[in-house]
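Engineer: Quick one: sequence plus predicted model below, questions after.
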Amino acid sequence: MYSTINMSQIFVLDQDKARDFYVDVLGLEVSNDLDLGFMRWLTVCVPGTKGRDVLLEKPGPPGMDAKSADMVRELVTKGATGFTLGLTTDNIQKTYETLKARGVEFTQEPTTQSYGTDIGIRDPFGNNIRIVQLAETTGTPPASRSSAANPKSRR
């Protein structure tokens, strides 16, 4: 029924600070930065993947009232919004060292799991981000790994 996810969203408390972190520190690129009048539409993506964007959205209008926005800001700050973004890298150790040198806050050092080696970081607001280098598997192309594990995804 669907072919891809083209947009997801992360609540941030300051869009300029978010732009700096996600672009200058993590290495993503701005795909849109538009003043819509009622809100700023700021999206980022992995370089070369335009059309798979992450909206860096400030809590508030038009999506929520002031009281709800306050609650969301509190949850983000506590890191209580759960997993917000997952990125894949070809070299987790190099990514780890680069981000460490850039002063990123780590929630987990490189850890090898059955699916690969990953790290956990937080953005400047408290959002949880995971970065993984997927494990090499023999005979199974990466694109078919998820469908091999989940027969429903082949439909």
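Structural biologist: That came through, no problem. Numbering: from 1, shown residues only.
Engineer: List the buried residues in whichever helix in the chain runs longest.
Structural biologist: Residue-count comparison of every helix in the chain, with assignments taken from DSSP state H, identifies helix 66-78 as the longest. Within helix 66-78, the residues that qualify as buried are 69, 72, 73, 76, counting by 16 or more other CB atoms under 10 Å. Every C-beta, even on glycine, is put in place using the N, C-alpha and C of the backbone.
Engineer: Packing partners of that helix?
Structural biologist: In this structure, helix 66-78 packs against strand 7-11, with contacts taken as 3 or more CB pairs under 8 Å, 6 or more residues apart in numbering; DSSP states H and E.
Engineer: What strands line up against the strand it packs on, and which way round?
Structural biologist: Within its sheet, strand 7-11 is paired with strand 53-57 (parallel), according to DSSP bridges.
Engineer: for stretch 42-58, which positions count as buried?
Structural biologist: For stretch 42-58, the neighbour count (16+ other CB under 10 Å) marks 42, 43, 44, 45, 46, 53, 54, 55, 56, 57, 58 as buried.
Engineer: and the closest residue to residue 118 other than its chain neighbours, how many neighbours does it have?
Structural biologist: With CB to CB, 6 or more residues apart in numbering as the measure, residue 132 is the residue that lies nearest to residue 118, at 3.9 Å, once sequence neighbours are left out. Residues near residue 132, counting by other CB atoms under 10 Å, number 17.
Engineer: Which pair in the buried residues of helix 66-78 has the greatest spatial separation?
Structural biologist: In terms of CB to CB, the buried residues of helix 66-78 reach their longest pairwise distance at 69 and 76, which sit 10.5 Å apart.
Engineer: what about the strands in this protein?
Structural biologist: Using DSSP state E, the strands assigned to the chain run over residues 7-11, 29-35, 40-45, 53-57, 83-88, 105-112, 116-122, 128-134.
Engineer: now the ones you listed in CSV, with distance to residue 95?
Structural biologist: Rendered in CSV, the data for the strands of the chain read as follows (distance: least, CB to CB, whole Å):
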stretch, distance to residue 95
strand 7-11, 19
strand 29-35, 16
strand 40-45, 17
strand 53-57, 18
strand 83-88, 9
strand 105-112, 9
strand 116-122, 7
strand 128-134, 6
